[in-house]
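In: one predicted model, sequence on top.
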Protein chains: 4
Amino acid sequence: MTAAFTPSFPPTHGVAAIDLNADVGEGFGPWRMGDDDALLDVVTSANVACGFHAGDARAMRRTCEAAVARGVVIGAHVSYRDLHGFGRRDLAVEPDVLTDEILYQVGALEAIAHAAGSAVRYVKAHGALYNRCAHDDVHAAALVRAVLDHGGTLALVVAPGSRAESLGRAAGLHVVSEAFIDRVYRPDGTLVARTEHHAVHDSIDACVAQALDLVRSGTVRADDGTTVALAAATLCVHGDTPHAVATAQGVRDALRAAGVALRPFT
Amino acid sequence: MTAAFTPSFPPTHGVAAIDLNADVGEGFGPWRMGDDDALLDVVTSANVACGFHAGDARAMRRTCEAAVARGVVIGAHVSYRDLHGFGRRDLAVEPDVLTDEILYQVGALEAIAHAAGSAVRYVKAHGALYNRCAHDDVHAAALVRAVLDHGGTLALVVAPGSRAESLGRAAGLHVVSEAFIDRVYRPDGTLVARTEHHAVHDSIDACVAQALDLVRSGTVRADDGTTVALAAATLCVHGDTPHAVATAQGVRDALRAAGVALRPFT
Amino acid sequence: MTAAFTPSFPPTHGVAAIDLNADVGEGFGPWRMGDDDALLDVVTSANVACGFHAGDARAMRRTCEAAVARGVVIGAHVSYRDLHGFGRRDLAVEPDVLTDEILYQVGALEAIAHAAGSAVRYVKAHGALYNRCAHDDVHAAALVRAVLDHGGTLALVVAPGSRAESLGRAAGLHVVSEAFIDRVYRPDGTLVARTEHHAVHDSIDACVAQALDLVRSGTVRADDGTTVALAAATLCVHGDTPHAVATAQGVRDALRAAGVALRPFT
Amino acid sequence: MTAAFTPSFPPTHGVAAIDLNADVGEGFGPWRMGDDDALLDVVTSANVACGFHAGDARAMRRTCEAAVARGVVIGAHVSYRDLHGFGRRDLAVEPDVLTDEILYQVGALEAIAHAAGSAVRYVKAHGALYNRCAHDDVHAAALVRAVLDHGGTLALVVAPGSRAESLGRAAGLHVVSEAFIDRVYRPDGTLVARTEHHAVHDSIDACVAQALDLVRSGTVRADDGTTVALAAATLCVHGDTPHAVATAQGVRDALRAAGVALRPFT
């Protein structure tokens, strides 16, 4: 389903700095999700939900203010219009509608980020849209077009090897590849599906090791033991699992101990 | 319920130009409402629904493009979060939430207006929020704060004599008073409630006469026959009644015949 | 994508009666769609939207009351949860969720139909769910399970040759096949896709001819000129196109003139 | 705002049994709220959210199945249509719409409760609707009419002294008064507003004492120290505060130790 991974820029061997990003602001109305404050204490970039899969205006304001207080960069975490499914369900939305819905989400967050004293610096697709943009030209093009229609100045965070990466680079966008610290990779550079038992690393140590490999040598060890080139300018840490925050903290501490600076990619 | 009307700036006797505004983009998903193209052919300012009482990203894009094609100025028609009630129902939303929801709507429209080659120039409250901002300090202040938090550069269209007008002026905003061409006024400058039989003029001629009075002498003839000062820099025409478009066209033609230019207030 | 058509019960040669069904109650909040009163004057079964693709509690009540006033049978027109897309977009909902969402819609309509003096007699999937149940075992099984979980007493209206038909019959449900009077069929008994130019008959006469063929001989003339067996106990008339109501009336009149009684299938 | 409390049936001195009810099923999509399993282990009646302030079809199914497994009676916890505000915000909905929306919610839950092997036995208003039905004849009448339109067989749980109680009894409904174990009462039998510091008892002991007073003598000790008659056939325990479950368990144990049986009111 996903194209085999082709490294799209030179491996970041020995980078002195890396970005950590996390999904935040994923409550809605009376409901909360994740420990945003703890995550924002760790990361350098915050993917803020914009109301289509989670988040609402008040949560966005609070999240932006919390990010600003910590010097964390703000990105728009855009999604299919599917609050009930948390944006995790594939939806056959028309590409024109999708482009406008992404613009809508980015603009809404911009006004709120501005009120909080900051600005939106990048766009990252969420959930099913992120996954579909790995292999589907139509939705990946709709995403790229939204960033272009917005003015073309925002960075676009993508999965390495995704159609969004290719189309984004072809369109001249500032495309930023990301890797996951807690997800296991296949030899072709794609992720082991969540439906498989070994999709997620089961220890903080494994996450730390993967993060160090990604930063030091631009590689990950795939689930068959082979080493795969994976150039990433930002590492995604998750907040929705029991040990997520501890993992994120462990990775941050290990990177710092290894002399790697944590710095926003933008 | 509404404070007695106090003209808040000198009557616009003999103005040479006036703005006409109308609510547009009020469809949602598969549903349509009103004849936007016909209205946009008449007005100089378009109050674009932002998804909270009506409108969605695609409708906003199309409406903005249609406005841009005609040189019509774009404003954000902001509302309580009440799609099912079309924003016409009073909702006890917390003021902080309301402020952020208005920012959200304005920002969403800004990104889309920008993509269409224009920009948002003003904010106007819709429906129940508009009515409540006539007399309620808390929601009027939340509206004013949203425009301030946004940067304070957008104009705020209000009912003359409303709390939104007072608080907006006190905050230093560019406040623009509007009058209605098809609604009947009371001697205190407020509108006859829609629940009363004579709330709306029953002929195009009466609407035209009211428009000419408003522009020439800054007055309206109230339902008791008295003349009331009503300074308005923009006249609202409606599109959701059978003769709405014909009325709007009639008013436009009569104003032009009387030597009044139609020009955006911003 | 769709299994070749296999007639699942003997052709209804020379039936003396047929059912006409139509989609109604497809407004939402302030928005209207179609001319329900005119359609309800023609049909014998009403597919009432239940709030997931269209419809709301008030519209459901009014529609049920209008159906009751005309002796029209009420069915639940169930959909994916996708108001913005009018249920026309494929949605990767989990089957357990889908089953419960169908139960939810049917139950909601039952309480309202009961208050209007009637009852829900059948279930029909709408839009993308209907189309997917033609070929997808998982969603078709979720639909069938919903009718079973409800008690198994409601009829299930399906496309002939669909997975919903096969699974519904295998489960012992009262399965009712329907044909469309205005859609063109392929030689395998499936519909010409709406994306093709000749998907819909362009004259009332063609619709009337198709209806008479379906009722008299249990066949349709496919787009290649061949005759295809198509056993249908109910004929669907549409209301959302310009000539829809006139077409429905023409079909009704032609059937009556041919001595065919219009009678609910339940 | 609320009418002074008039005991509407003889105090339940020395009742041998009482009902405990709690709000459950208040998640939505990916979000959870409260510890339903723990609450369902304690109570005899479950107020199940029906999708308008919280809850969705899948949550309703799971909650009903969990209630059935414990022999807990199921009631419909109906609300204004306000998911984002969790039904806690006053909404100026038209009474006809409200009646139909309540029917919709009750019917939806009925189909799901039936699939889970049980049935809906009562209706209880949630949040802002509950509060408004204390003093507002129009919404209280809309609630009562919904229960009547449904068939009049469901019990209606109300606040003692509320308009819903009066109108429900006048309409011949089975009206059940409830008291709160964790809320402080005023001398007139109404609740101390949540905005006041002493609105909620700050110890489990105080809750237990209030529960025992309610059951043994049909009274509560008001916030001025006076004793107020308060006839309640069901006691509401909350689940959304830190010590809620422990409080509910404490009350249950104390009542049992006092020889009071816990039994559904229906």
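Out: Done, it's in. The shown structure was predicted, so the numbers you read here are calculated from the model rather than taken from an experiment.
In: going forward, measure contacts and count neighbours with C-alpha atoms only.
Out: Fine.
In: check what pLDDT the closest residue in space to A:Arg256 that isn't next to it in sequence gets.
Out: In space, and not counting its chain neighbours, A:Arg256 is closest to A:Leu262: 7.5 Å by Cα to Cα, 6 or more residues apart in numbering or on different chains. The model reports A:Leu262 with a pLDDT of 96.
In: give me the number of residues near A:Leu262?
Out: 18 (other Cα atoms under 10 Å in any protein chain shown).
In: repeat that for the one 4 residues further on.
Out: By other Cα under 10 Å, the residues close to A:Thr266 number 13.
In: not counting its neighbours along the chain, what's nearest it?
Out: A:Arg121 (7.0 Å).
In: which phi and psi does the single nearest residue of the stretch 51-200 of chain A relative to chain D have?
Out: Closest residue of the stretch 51-200 of chain A to chain D, Cα to the nearest Cα: A:His84 (4.6 Å). For A:His84, the backbone dihedrals are phi -60, psi -30 (criterion: degrees, to the nearest 10).
In: ok, it - contacts?
Out: By Cα atoms under 8 Å, 6 or more residues apart in numbering or on different chains, the contact list for A:His84 reads A:53, D:28-30.
In: that one and C:Ala92, how far apart?
Out: To C:Ala92, A:His84 is 12 Å away according to Cα to Cα, to the nearest Å.
In: which one's the longest strand in chain A?
Out: strand A:17-24 (DSSP state E).
In: contacts (any at all) between chain D and that strand?
Out: No - residues of strand A:17-24 are not located near chain D by Cα under 8 Å from any Cα of the partner chain, the shortest gap being 14.3 Å.
In: helices or strands up against the next helix or strand after that strand?
Out: Next along the chain after strand A:17-24, taking DSSP states H and E as the criterion, comes helix A:36-40. Counting contacts by 3 or more Cα pairs under 8 Å, 6 or more residues apart in numbering or on different chains; DSSP states H and E, helix A:36-40 packs against strand A:17-24, helix A:57-70, helix A:244-257.
In: deepest-packed of the ones you listed, please.
Out: strand A:17-24 (a mean of 24; mean count of other Cα atoms under 10 Å in any protein chain shown).
In: ok, the residue of the stretch 151-266 of chain A found nearest chain B - contacts?
Out: Closest approach between the stretch 151-266 of chain A and chain B, counting by Cα to the nearest Cα: A:Gly151, at 7.6 Å. A:Gly151 makes contacts with B:Ala115, as judged by Cα under 8 Å, 6+ apart.
In: tell me the confidence at it?
Out: On the pLDDT scale, A:Gly151 gets 98.
In: and stretch A:125-132, average pLDDT?
Out: 97.
In: kindly export that stretch (C-alpha atoms) in PDB.
Out: Taking C-alpha atoms only, stretch A:125-132 is exported to PDB below (Å, rounded to 0.1, in the frame of the first residue of the first chain):
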ATOM      1  CA  ALA A 125      -2.000  15.900   9.100                       C
ATOM      2  CA  HIS A 126      -3.600  13.800  11.800                       C
ATOM      3  CA  GLY A 127      -4.700  10.200  12.000                       C
ATOM      4  CA  ALA A 128      -6.400   8.700   9.000                       C
ATOM      5  CA  LEU A 129      -5.500  11.800   6.800                       C
ATOM      6  CA  TYR A 130      -1.800  11.400   7.800                       C
ATOM      7  CA  ASN A 131      -2.000   7.700   6.900                       C
ATOM      8  CA  ARG A 132      -3.800   8.200   3.600                       C
END
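In: so is that stretch next to chain C?
Out: No - Stretch A:125-132 lies out of reach of chain C by Cα under 8 Å from any Cα, never closer than 9.7 Å.
In: tell me the gap between that stretch and the middle of its chain.
Out: Chain-centre distance of stretch A:125-132: 10 Å, with Cα atoms, centre = their mean, to the nearest Å.
In: neighbouring contacts of stretch A:239-252?
Out: Outside stretch A:239-252, the residues that touch it by Cα under 8 Å, 6+ apart are A:22-24, A:33-36, A:38-39, A:42, A:204, A:207-208, A:211, A:237-238, A:262.
In: isn't A:Leu262 right next to A:Val42, touching?
Out: No - A:Leu262 lies out of contact with A:Val42 (Cα atoms under 8 Å); the separation is 9.2 Å.
In: coming back round to it: which strands or helices does the longest strand of chain A pack on?
Out: Using 3+ Cα pairs under 8 Å, 6+ apart: strand A:17-24 touches helix A:36-40, strand A:45-49, strand A:234-237, strand A:261-262.
In: and the first one, how far from the chain's centre?
Out: This points to helix A:36-40. Using Cα atoms, centre = their mean, the offset of helix A:36-40 from its chain centre is 15 Å.
In: quick one: average pLDDT of that helix?
Out: 95.
In: buried residues, it. List them.
Out: A:36, A:39-40 (16 or more other Cα atoms under 10 Å in any protein chain shown).
In: so who does A:Asp137 touch?
Out: A:163-164.
In: looking at the buried residues of helix A:36-40, which is nearest B:Ala141?
Out: A:Asp36 (29.6 Å; Cα to Cα).
In: which one is the closest one nearest to, not counting chain neighbours?
Out: A:Val24 (5.7 Å).
In: show me what contacts the one you found?
Out: A:34, A:36, A:39, A:46-49, A:63, A:239.
In: and those residues as TSV, adding distance to D:Asp182?
Out: Converted to TSV, the contacts of A:Val24 look like this (distance: Cα to Cα, whole Å):
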residue	distance to D:Asp182
A:Gly34	29
A:Asp36	31
A:Leu39	35
A:Ala46	40
A:Asn47	40
A:Val48	37
A:Ala49	36
A:Thr63	33
A:Gly239	34
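In: now, among these, which is nearest to B:Gly161?
Out: A:Thr63 (36.7 Å).
In: using CSV, list the CA coordinates for stretch A:153-161.
Out: Taking Å, rounded to 0.1, in the frame of the first residue of the first chain, the C-alpha atoms of stretch A:153-161 are listed here in CSV:
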residue,chain,number,x,y,z
THR,A,153,5.1,29.8,4.0
LEU,A,154,4.2,27.1,6.5
ALA,A,155,6.3,24.0,6.9
LEU,A,156,4.6,20.6,6.2
VAL,A,157,5.5,17.7,8.5
VAL,A,158,5.2,14.4,6.8
ALA,A,159,6.1,10.7,7.0
PRO,A,160,9.3,9.9,5.1
GLY,A,161,8.5,8.2,1.8
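In: circling back: just give the strands next to the longest strand of chain A in its sheet, each with its orientation.
Out: According to DSSP bridges, strand A:17-24 forms sheet pairs with strand A:45-49 (parallel), strand A:234-237 (parallel), strand A:261-262 (parallel).
In: pick the most deeply packed of those.
Out: strand A:45-49 (a mean of 29).
In: between that strand and helix A:57-70, how big is the angle?
Out: 170 degrees (axes from the mean of the first three to the mean of the last three Cα atoms, to 10 degrees).
In: ok so A:Asp100 is a helix residue?
Out: Yes - the assignment for A:Asp100 (DSSP: H, G, I helix; E, B strand; the rest coil) places it in a helix.
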